[in-house]
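A.B. asks: Dropping the sequence and predicted coords here.
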Amino acid sequence: ACMGGGGSTTFRHVVVYQRDAGRRLEGAEEAADALVEALPGGTGAWRHSVVTHHENLPPCLLKRCLGNADVLVTPHGFQSMLYVLLKPGAMMYEV
């Protein structure tokens, strides 16, 4: 599932982008929960989505998933090019 798509929202968004089975973040849901709780305002201000790479994922849907992200967390690799889909001021962390 992904959040986003433009328009105003009362929550800020963390997106964890999962690669295929060869380069996945172990415990992504738990890490995203912990990150949201650690950010200013915690669960009252932030929500998260974990988006899994699929070669048939249409670019427009990917843009929708990432276009409202304030923070993108992704494994190191080619998906660093996803920064072009982020809104101005969003942060990306490769791990």
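C.D. replies: Right, received. Where do you want to start?

A.B. asks: Tell me where this structure has strands.
C.D. replies: Assigned by DSSP state E, the chain shows strands spanning 12-18, 46-52, 71-74, 91-94.

A.B. asks: Which residues does the second one contact?
C.D. replies: Contacts of strand 46-52 with the rest of the structure, by C-beta atoms under 8 Å, 6 or more residues apart in numbering, involve 1-4, 11-18, 28-29, 32-33, 35-36, 39, 62, 65-66. In short, each C-beta sits where N, CA and C put it, glycine included.

A.B. asks: all helices of this protein, in order?
C.D. replies: 28-38, 59-66 (DSSP state H).

A.B. asks: Mean pLDDT lowest where, among the ones you listed?
C.D. replies: Mean pLDDT across these is lowest at helix 59-66; the value there is a mean of 87.

A.B. asks: Just the CA coordinates for that helix, please, in CSV.
C.D. replies: Provided in CSV are the C-alpha atoms of helix 59-66 (Å, rounded to 0.1, in the frame of the first residue of the first chain):
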residue,chain,number,x,y,z
PRO,A,59,5.7,4.8,-13.3
CYS,A,60,2.6,7.0,-12.7
LEU,A,61,1.7,4.8,-9.7
LEU,A,62,5.2,4.9,-8.4
LYS,A,63,5.1,8.7,-8.7
ARG,A,64,1.9,8.7,-6.7
CYS,A,65,3.4,6.6,-4.0
LEU,A,66,6.5,8.7,-3.7
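
A.B. asks: That one - contacts with which helices or strands?
C.D. replies: Applying 3 or more C-beta pairs under 8 Å, 6 or more residues apart in numbering; DSSP states H and E, we find helix 59-66 packed against strand 12-18, strand 46-52.
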